[in-house]
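Asker: heads up, no residue letters with this:
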């Protein structure tokens, strides 16, 4: 493959301005992430120490093989919710290596309300187990939770994708022979008791670990029985009487040691044979991405410059380079893995939509994973394009993408608006992983467009009703709409709601994609097939 020739002048004023702007954006992201990971009230950390407990990240560090990476997912979940009281949605999720096996790790965070599950905690856990099912990743649960956050029980308990979905997913994982291990460091109360109950293996720490459907206060209130934690659900009872747990551990370090020994007995599933070559660093410095990304969401840039700083050797075989030029398609390698890349260089016209659909079909024919680099304002609108069938051509691209059998990965590099989000494998389309950059914005349309649209609708309504258009009222509507949109378009709003699998620093994208692709190869490829294309 040919090496991409960068046209970026790193000494230009706009490059330096972009560099300064995006370094500030990334510094803000890093500060938010650091706070979510580590900033806790001292009283909560003192409480854990008094109980003989490690912080949850220390547990993960001891569990992982030394020197191996940990791909943390959704580190800023719930950052805009619950008045900031549930950093990372009081749960840590990521992919790492334990005893030589790729696994998904899900850890309760007892430094946040005793590890209580908020509604977004549940959503994060459900997503984690979906990832495990999609990629055939064994799961290690690090259990230490007070159970559902009772003040928000209506959002935690009853719905299809609420807490019950966690246990449903655990059951499906077992059905699919995807292994699960629970390390019980603290209390597993109420529904949380089913986490170890539905795991294939479980280790419980003597003295601090406990598993029960109702704790001593609830038992007393419901039945009048007075019983201690240890009698009701402690390590000795569950490993010698009930058989609910398998191994007692003398402390947390011992539980982690036993857990690593258990994982070492597991078989190693064969990965499917994705094309691979020897990995090679990009020819251009990934840090130059800061100077390529504009300081304004409305400014354009050439996505080939981004590709050149993500892929091996900056080499890229571009497909149909002279046709449908607002969509860049082609083949490259990321850490040796062969991928097909679709990247936006403008609005999707008829030709670029057809080109994208055809390229997706080619990648499926060749069993080549797909990487979508989004910077999209949507599909082109207007009389001419509707007459040419833009809706029909956009539907072809959505059909091809939706029915792909190869793994799909999405990176939100800048804007993601309208149905372009759908064609480029947005959250609704079952990509294996979706990452965003901190400059990213997402919405039905941009703030200005939404404000202008509603202002025009309101003015027309006034005219229809025989009223004079009130300029002050229209302006107030415009400002209110734009203000609301600007807040909700933010990458931090999106990641708070778990519309992605986490914000990442642009320079970390190559490594994040490589770890995600490697994890995806554990799941066998499903049979290919498509729905009906409207011609």
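Answerer: Received it, and whenever you're ready, just let me know what you need. For clarity, every value in this text was computed on a predicted model and none was experimentally measured.
Asker: For the helix or strand residue 457 falls within, give me every contacting residue.
Answerer: Per DSSP states H and E: residue 457 is located in helix 447-464. Helix 447-464 has contacts (Cβ atoms under 8 Å, 6 or more residues apart in numbering) with 443-445, 468-470, 473-474, 477-479, 481-482, 485-486, 489. In short, each C-beta sits where N, CA and C put it, glycine included.
Asker: Buried ones among these?
Answerer: 443, 445, 474, 477, 478, 481, 482, 485, 486, 489 (16 or more other Cβ atoms under 10 Å).
Asker: State the distance from the first one to residue 353.
Answerer: Just to be clear, that refers to residue 443. Going from residue 443 to residue 353 by Cβ to Cβ, to the nearest Å gives 21 Å.
Asker: Which parts of the stretch 301-450 of the chain are strands?
Answerer: 317-319, 327-334, 337-344, 370-376, 408-417, 433-436, 441-443 (DSSP state E, counting those that start in this stretch).
Asker: Just list the residues touching the closest residue to residue 315 other than its chain neighbours, thanks.
Answerer: Once flanking residues are discounted, residue 315 sits nearest to residue 1: 3.9 Å by Cβ to Cβ, 6 or more residues apart in numbering. Residues in contact with residue 1 (Cβ under 8 Å, 6+ apart) are 313, 315, 316, 317, 331, 332.
Asker: Let me have the residues you listed in a markdown table, extended by distance to residue 165 and neighbour count.
Answerer: Output for those, formatted as a markdown table (distance: Cβ to Cβ, whole Å; neighbours: other Cβ atoms under 10 Å):
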| residue | distance to residue 165 | neighbour count |
| --- | --- | --- |
| 313 | 43 | 18 |
| 315 | 43 | 19 |
| 316 | 40 | 23 |
| 317 | 42 | 13 |
| 331 | 37 | 21 |
| 332 | 37 | 23 |
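Asker: out of those residues, which one sits closest to residue 197?
Answerer: Of all the contacts of residue 1, residue 197 sits closest to residue 332, with 45.4 Å by Cβ to Cβ.
Asker: Longest helix in this structure, please.
Answerer: Determined from DSSP state H, the single longest helix within the chain is helix 13-38.
Asker: Can you name the next helix or strand after that one?
Answerer: helix 42-50.
Asker: quick check: angle from that following helix to helix 13-38?
Answerer: Per axes from the mean of the first three to the mean of the last three Cα atoms, to 10 degrees, the angle that helix 42-50 makes with helix 13-38 is 50 degrees.
Asker: Would you mind checking the average pLDDT for helix 42-50?
Answerer: Averaging pLDDT along helix 42-50 gives 95.
Asker: re the thing from before, reformat the strands of the stretch 301-450 of the chain as TSV; add mean pLDDT and distance to residue 527.
Answerer: Formatted as TSV, the strands of the stretch 301-450 of the chain follow (pLDDT from 0 to 100; distance: least, Cβ to Cβ, whole Å):
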stretch	mean pLDDT	distance to residue 527
strand 317-319	98	25
strand 327-334	98	24
strand 337-344	98	19
strand 370-376	97	17
strand 408-417	96	16
strand 433-436	98	22
strand 441-443	91	32
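Asker: Please produce TSV containing these, extended by distance to residue 183.
Answerer: Shown next, in TSV, are the strands of the stretch 301-450 of the chain (distance: least, Cβ to Cβ, whole Å):
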stretch	distance to residue 183
strand 317-319	46
strand 327-334	33
strand 337-344	32
strand 370-376	34
strand 408-417	30
strand 433-436	25
strand 441-443	36
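Asker: Residue 134: which of those is closest?
Answerer: strand 433-436 (9.3 Å).
Asker: ok now that closest one, how far from the chain's centre?
Answerer: 5 Å (Cα atoms, centre = their mean, to the nearest Å).
Asker: quick one: contacts of it?
Answerer: 73, 131, 409-412, 425-427, 442, 491, 494-495, 500-504, 509, 512-513, 516, 520.
Asker: sorry, back to before: the helix holding residue 457 to strand 408-417, inter-axis angle?
Answerer: Using the same axes, to 10 degrees, helix 447-464 lies at 50 degrees relative to strand 408-417.
Asker: Next secondary structure after helix 447-464?
Answerer: helix 471-489.
Asker: Can you name the next helix or strand after that next one?
Answerer: By DSSP H and E, the next helix or strand past helix 471-489 is helix 491-496.
Asker: per-residue confidence averaged over the next helix or strand after that following helix?
Answerer: Sequence-wise, the next helix or strand downstream of helix 491-496 (DSSP H and E) is helix 509-520. For helix 509-520, the mean pLDDT works out to 98.
Asker: mind listing what's buried in helix 509-520?
Answerer: 509, 510, 511, 512, 513, 514, 515, 516, 517, 518, 519, 520.
Asker: For it, what is the distance to the chain centroid?
Answerer: Counting by Cα atoms, centre = their mean, helix 509-520 comes out at 12 Å from the chain centroid.
Asker: Packing partners of that helix?
Answerer: strand 71-73, strand 91-98, helix 119-135, strand 327-334, strand 337-344, strand 408-417, strand 433-436 (3 or more Cβ pairs under 8 Å, 6 or more residues apart in numbering; DSSP states H and E).
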